[in-house]
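[1] The following comprises the amino acid sequence and a computationally predicted model.
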Amino acid sequence: MSILKATAAACANIAFIKYWGQRDVELNLPANSSLSMNLDRLTTVTTVEFSPDYDDDVVILDGREERGEARQRIVAHLDRVRAMAGLRAGARVISKNSFPTGVGLASSASGFAALSLAASRAAGLELSQRELSILARFGSGSACRSIPGGFSEWTAGTCSEESFARQIAPPEHWELRDVIAIVSRAHKRVGSTEGHALAPTSHLYQARVASVAGRLAQAKAALLEKDLATLGRIIEEDAISMHAVMMTSRPPIYYWLPGSIKLIHEVQNWRAEGLEVYFTFDAGPNIHLICQAADQAEVERRLRDIEEVLEVIVSGPGPGARVIEP
Ligand code: DP6
């Protein structure tokens, strides 16, 4: 039997227009389309090896054997790949993040994108980028946006085959930077999966879903025109709209910490002083500052003067998921 082993790498991504809430839980279809940039500094490298000699799946993340829920989610993904390939074999999964783990940065997007590519190749499947994006979506919604390189749009779709991400511009299109300020390293209390399920309980949810398409069209045009003033304004509006839904869900979810709010005010002050920088957040307290490459050093310098900022991580537009070996 030939060696059923492959290694793949994939970046995390930051959404400019967010995915929050689902149209279909089973299929992981989002309530709305979303837009993102891959982050070149936040990469996961994953090796998958299938062998009929392995009785059970073993999952090692950053040198630690996973058990419980985290392992179960990966095993469920391996089962999808095994079903597609008609394969009956256990797997060894070894995955490493290039970024510090436990700093509250999501690794599910880079993790499930790399796992989808490594596992499908190891199982002998040659999936198209669209098929890979659909497969990754089942693992974690935002992971489907980490399959194409650069800037991607995930079209919500009304069925599984229509719900995938495609590139709208390559990484070299625009030297944007995501300067992430870590204000807490604590593990978040409410994960995204749980949060998506709570979203419809917010009285603001329907209004958000109804208004996203307009913002997405404007953001996409601004991205293609490299118009940061317009893109930045919409990025902030969309992040605030998502956090408003989170904070008005039942029960409410408050991801922001005092440091997060302080930095929102700082960004507004810096902009008033002429520094072109905009903010967004994922499902957590750490703020992502979006600026042009020329302003990155100044943004970093100002962040390092703020007591609440524990660490700064800078990314540019990253490549798509790729096979490293064999
Ligand atoms: C706030 O993709 O992490 O980052 O499908 O349950 O894994 P699951 O959810 P996930 O949700 C992402 C939420 C977000 C916004 C975004 O990236 O669009």
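    Now that the structure is in, tell me what you want to look at.
[2] Any regions of the stretch 1-150 of the chain where pLDDT drops low?
    1, 101-104, 106 (pLDDT under 70).
[3] Close to the ligand: what parts of it are there?
    Ala15, Lys18, Tyr19, Trp20, Asn28, Ser34, Ala106, Ser108, Ser140, Gly141, Ser142 (Cβ under 6 Å from any ligand atom). All C-beta atoms are positioned from the backbone trio N, CA, C, and that covers glycine.
[4] Can you add secondary structure, neighbour count and distance to Ser315 and give the residues you listed back as a markdown table?
    Formatted as a markdown table, these follow (DSSP: H, G, I helix; E, B strand; the rest coil; neighbours: other Cβ atoms under 10 Å; distance: Cβ to Cβ, whole Å):
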| residue | secondary structure | neighbour count | distance to Ser315 |
| --- | --- | --- | --- |
| Ala15 | strand | 24 | 14 |
| Lys18 | coil | 27 | 18 |
| Tyr19 | coil | 24 | 19 |
| Trp20 | coil | 29 | 22 |
| Asn28 | coil | 22 | 25 |
| Ser34 | strand | 27 | 18 |
| Ala106 | coil | 21 | 13 |
| Ser108 | helix | 21 | 17 |
| Ser140 | coil | 24 | 19 |
| Gly141 | helix | 25 | 20 |
| Ser142 | helix | 28 | 15 |
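[5] Distance of Ala118 relative to Gly90?
    15 Å (Cβ to Cβ, to the nearest Å).
[6] If you count surrounding residues, which of these two has more?
    Ala118 (31 against 17; other Cβ atoms under 10 Å).
[7] So that one, which state does it fall into?
    helix (DSSP: H, G, I helix; E, B strand; the rest coil).
[8] so what's it up against?
    Residues near Ala118 by Cβ atoms under 8 Å, 6 or more residues apart in numbering: Ala6, Thr7, Ala8, Thr46, Thr47, Val48, Val323.
[9] switch the cut-off to 6 Å
    Listed by Cβ atoms under 6 Å, 6 or more residues apart in numbering, the contact set of Ala118 reads Ala6, Thr7, Ala8, Thr46, Val48.
[10] so which of the residues you listed would you say is closest to Leu310?
    Proximity of those to Leu310 (Cβ to Cβ) peaks at Thr46, which lies at 27.4 Å.
[11] Ser202: which of the residues of the stretch 1-150 of the chain next to the ligand is nearest?
    Of those, the one sitting nearest to Ser202 (Cβ to Cβ) turns out to be Trp20, at 9.6 Å.
[12] which SSE is the residue nearest to the closest one when sequence neighbours are not counted in?
    Distances taken as Cβ to Cβ, 6 or more residues apart in numbering put Met242 closest to Trp20, at 4.7 Å, once the chain neighbours are dropped. Taking DSSP states H and E as the criterion, Met242 maps to helix 228-247.
[13] what does that helix contact?
    So helix 228-247 is contacted by 16-18, 20, 199, 202, 204-205, 208, 215, 218-219, 222-223, 253-254, 276, 278, 280-281 (Cβ under 6 Å, 6+ apart).
[14] same thing but at 7 Å, please
    Identification of contacts with helix 228-247 by Cβ atoms under 7 Å, 6 or more residues apart in numbering yields 16-18, 20, 195, 199, 202, 204-205, 208, 215, 218-219, 222-223, 253-256, 276, 278-281, 290, 292.
[15] could you point out which element follows that helix?
    Trace forward from helix 228-247 with DSSP H and E and the next one is helix 258-272.
[16] hmm, that next one touching the ligand?
    No: using Cβ under 6 Å from any ligand atom, helix 258-272 never reaches the ligand; the gap is at least 13.8 Å.
[17] Could I get the average pLDDT for that helix?
    For helix 258-272, the mean per-residue pLDDT is 98.
[18] Repeat that for stretch 216-230.
    On average, stretch 216-230 scores 98.
[19] and what of stretch 196-206?
    98.
[20] got the end-to-end distance for it?
    This stretch, stretch 196-206, spans 13 Å end to end (Cα to Cα, to the nearest Å).
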